[in-house]
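Q: Structure of the sequence below:
(chains A, B, C and D)
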2 protein chains.
Amino acid sequence: MKKGLTEICYKFFTNLANPTRLAVLEKLMENPMSVNALAALLGQEQSMISHNLKPLLRCKLAFSERQGKKRVYSANRETVSMLFKAVENHAEKYCPSGGRCLKGEKMKNG
Amino acid sequence: MKKGLTEICYKFFTNLANPTRLAVLEKLMENPMSVNALAALLGQEQSMISHNLKPLLRCKLAFSERQGKKRVYSANRETVSMLFKAVENHAEKYCPSGGRCLKGEKMKNG
DNA sequence: TATACATATGAATTTTTATTCATGTAAACG
DNA sequence: CGTTTACATGAATAAAAATTCATATGTATA
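A: Numbering: from 1, shown residues only, chains lettered A, B, ... in the order given. Sure, this is the predicted structure:
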């Protein structure tokens, strides 16, 4: 493993280890949208979405662009799809029947 | 994104979002070893290593096998290398000069 | 089978992270 | 330029994780 990667990995995975941020990324993978659109879709407060978008932007897992009075967020499709795919591959191989091996502990939300 | 994957991703990334566990995985990628060997190498208490190995095993990010009175742990090389590679790719492209873009927040250890 | 070695577990505490609520700021548009 | 819309930020609180220390369990072997 490359030196310094551990620290980057830590920030990275810490960033992803959150149901709200994962849900945001999932939505943004479907299509780019505004903070309020995300908040509405996910049934969460606008400020919570904003707070959670920040670390995603910082790590460049998401991008943003102003469009008129809105600000449109989009996912870093390359990285995000690669990561999700890695997890999906693992799950298929090691967590048959949809991660039932992880049963018992539920996600903080939904 | 496949349904149910969000939850698996959450457990997954939560598992990886920890400096001790990342360090453990890094060592185990070099070669399989016992709990005490890990503890010695990482300068951590044995119980801490044990506690942190548990979730890695649960998610099958690591495996274990008894060898005499020791228990030898090994990394799931396939998954771990894929994940690390994904992060490395991202870092190269989006975090030039070794993740300096992530500066300011240090890892809990290291 | 008593002892030592290797690891696991439990529970209390500390640390980190998330969430909420109130408020601040910035662009658009009348 | 004041008002509305859209979003960001700060600070307090709440929730979740990590760490530590004490102790239990399990295996080999004298």
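
Q: can you give me phi and psi for A:Lys70?
A: phi -100, psi 170 (degrees, to the nearest 10).

Q: what are the bridge partners for it, then?
A: A:Gln67 (DSSP bridges).

Q: A:Ala75 now?
A: Counting by DSSP bridges, A:Ala75 is bridged to A:Ala62.

Q: Verify the stated contact: it with A:Asn31.
A: No - A:Ala75 lies out of contact with A:Asn31 (Cβ atoms under 8 Å); the separation is 9.3 Å. (C-beta placed from N, C-alpha, C; glycine too.)

Q: Between the two, which is the more surrounded one?
A: A:Ala75 (21 against 10; other Cβ atoms under 10 Å in any protein chain shown).

Q: residue contacts, the more buried one?
A: A:Ala75 makes contacts with A:Leu25, A:Leu28, A:Met29, A:Pro32, A:Leu61, A:Ala62, A:Phe63, as judged by Cβ atoms under 8 Å, 6 or more residues apart in numbering or on different chains.

Q: Now A:Cys9: which helix or strand?
A: For A:Cys9, the host element (DSSP states H and E) is helix A:5-16.

Q: Report all helices and strands that that helix contacts.
A: Helices and strands touching helix A:5-16, as assessed by 3 or more Cβ pairs under 8 Å, 6 or more residues apart in numbering or on different chains; DSSP states H and E, comprise helix A:19-30, helix B:5-16, helix B:19-30, helix B:77-94, helix B:96-99.

Q: again, only using 7 Å
A: helix B:5-16, helix B:19-30, helix B:77-94 (3 or more Cβ pairs under 7 Å, 6 or more residues apart in numbering or on different chains; DSSP states H and E).

Q: In CSV, list those along with mean pLDDT, distance to A:Asn18 and mean neighbour count.
A: Putting the helices and strands packed on helix A:5-16 into CSV (pLDDT from 0 to 100; distance: least, Cβ to Cβ, whole Å; neighbours: other Cβ atoms under 10 Å in any protein chain shown) gives the following:
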stretch, mean pLDDT, distance to A:Asn18, mean neighbour count
helix B:5-16, 91, 8, 22
helix B:19-30, 97, 17, 21
helix B:77-94, 95, 17, 18
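
Q: would you turn these into a markdown table with distance to A:Asn89?
A: Below are the helices and strands packed on helix A:5-16 laid out as a markdown table (distance: least, Cβ to Cβ, whole Å):
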| stretch | distance to A:Asn89 |
| --- | --- |
| helix B:5-16 | 11 |
| helix B:19-30 | 17 |
| helix B:77-94 | 7 |
